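Trainee: generate a structure from the sequence data that follows.
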Amino acid sequence: MEKTSLKLKNSLLLLLTATIWGVAFVAQSVSMDYVGSFTFNAVRNLIGAVVLLPVIWFLNRGSKTGSKKAARSGTDRKALITGGIACGILLCLASNFQQLGIKYTTVGKAGFITACYIVIVPVIGLFLKKKCSSFIWAAVVLALAGLYLLCIQDGFSIGKGDLLVLICSVLFSLHILVIDHFSPLADGVKMSCIQFFVCGVLSGIPALLFESPSLSGLLDAWIPILYAGVMSCGVAYTLQIVGQKGMNPTVASLILSLESCISVLAGWLLLGQRLSVREGAGCAIMFCAIVLAQLPEKRRSVRIAQNEG
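Mentor: Residues are numbered from 1 along each chain as shown. Reported below is the predicted structural model:
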């Protein structure tokens, strides 16, 4: 029962992550009117890293009380640094490929192709000897169908932008699997802070070389940048690292793919964009896919708990 409640807690953390990311699409679309994509990614990630510094200080202060769990967290310094740098590099590449790709394709296609990580993760996982049940594979197919109804409104073709976003999707898949590997070995908040510093610094290099960041542009976009930095980076990516502990990476990717549904709902509520019947059906199908992916895990956990009892 304890294992079941832990999986439920982690699933809710990942759902909250997807919600924050979904709303962040509104912030991203507004901020791009004032700053370049590299500048946006650099500033938002550095803000996210700075936000986590007092959190880390507070948690370290609390660990001095003798908590065994806190004492164990972050003891493997090598795993912490390696994981943080690896996640930061992948996050930098994925987020910037996505921003560049959106310039050459439609937002609907970009959303669909990015969320293809729900298929790429289990495929890559097969090579890493991570097995998935038939329920999860069925959920993957169902989620893809829902994403298609939700995002694709016209003909589907592969162009320059589509290819760039597809590379982004592969990179996000690797990011999920790297987190799956390192999250049990290192402190999640510290690793998240390191990845933001790495991503922010790496994004800042092309921002200075190819863009012209200005203080006035940053001030004009301060609300969406702060939301993206504090909530999307500082909070959401940290919740992802914490929430993925002990989770099947394919199930985690399916829950995170709800980001597309929530972005449509956020556009409807915050920007007055109405949902069509097709888009509403896509959201419903994706929700069913998430439930389907969770059922086998819960059934196995219940059987184990009954056998142990």
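
Trainee: low-confidence ranges, this protein, go.
Mentor: Across the chain, the ranges flagged by pLDDT under 70 are 1-4, 62-75, 106-109, 153-158, 273, 275, 293-309.

Trainee: can you pull out the strands in it?
Mentor: Counting by DSSP state E, the chain has no strands to list.

Trainee: which residue ranges of the stretch 51-200 of the chain form helices?
Mentor: Listed in chain order, the helices of the stretch 51-200 of the chain (DSSP state H, counting those that start in this stretch) span 68-72, 77-102, 107-114, 117-127, 134-151, 160-182, 188-210.

Trainee: elements contacting the fifth one?
Mentor: Translated: helix 134-151. Helix 134-151 sits against helix 107-114, helix 117-127, helix 249-256, helix 259-271, helix 277-308, with contacts defined as 3 or more CB pairs under 8 Å, 6 or more residues apart in numbering; DSSP states H and E. Every residue, glycine included, has its C-beta placed from N, CA and C.

Trainee: which of the residues in the second one are buried?
Mentor: Within helix 117-127, the residues that qualify as buried by neighbour count (16 or more other CB atoms under 10 Å) are Tyr117, Ile118, Val119, Ile120, Val121, Pro122, Ile124, Gly125.

Trainee: for it, C-alpha coordinates in CSV please.
Mentor: C-alpha atoms of helix 117-127 as CSV (Å, rounded to 0.1, in the frame of the first residue of the first chain):
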residue,chain,number,x,y,z
TYR,A,117,8.6,11.7,-26.7
ILE,A,118,5.7,9.5,-25.4
VAL,A,119,6.6,7.1,-28.2
ILE,A,120,10.4,7.7,-28.3
VAL,A,121,10.9,7.1,-24.6
PRO,A,122,9.6,3.5,-24.6
VAL,A,123,11.4,2.8,-27.9
ILE,A,124,14.8,4.0,-26.5
GLY,A,125,13.9,2.2,-23.2
LEU,A,126,13.8,-1.1,-25.0
PHE,A,127,17.5,-0.7,-25.8
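
Trainee: which stretch among the helices of the stretch 51-200 of the chain comes nearest Val55?
Mentor: With distances scored as CB to CB, the stretch of the helices of the stretch 51-200 of the chain nearest to Val55 is helix 188-210 (5.9 Å).

Trainee: for the closest one, which outside residues touch it?
Mentor: With contacts defined as CB atoms under 8 Å, 6 or more residues apart in numbering, helix 188-210 is touched by 36, 38-39, 41-46, 48-49, 52-53, 55-56, 59, 74, 80-81, 83-85, 87-89, 91-92, 95-96, 182-183, 213, 233-234, 237-238, 241-242, 245.

Trainee: and that helix with helix 160-182, angle?
Mentor: Put simply, helix 188-210 runs at 150 degrees to helix 160-182, going by axes from the mean of the first three to the mean of the last three CA atoms, to 10 degrees.

Trainee: might you calculate how far helix 188-210 sits from the centre of the chain?
Mentor: 16 Å (CA atoms, centre = their mean, to the nearest Å).
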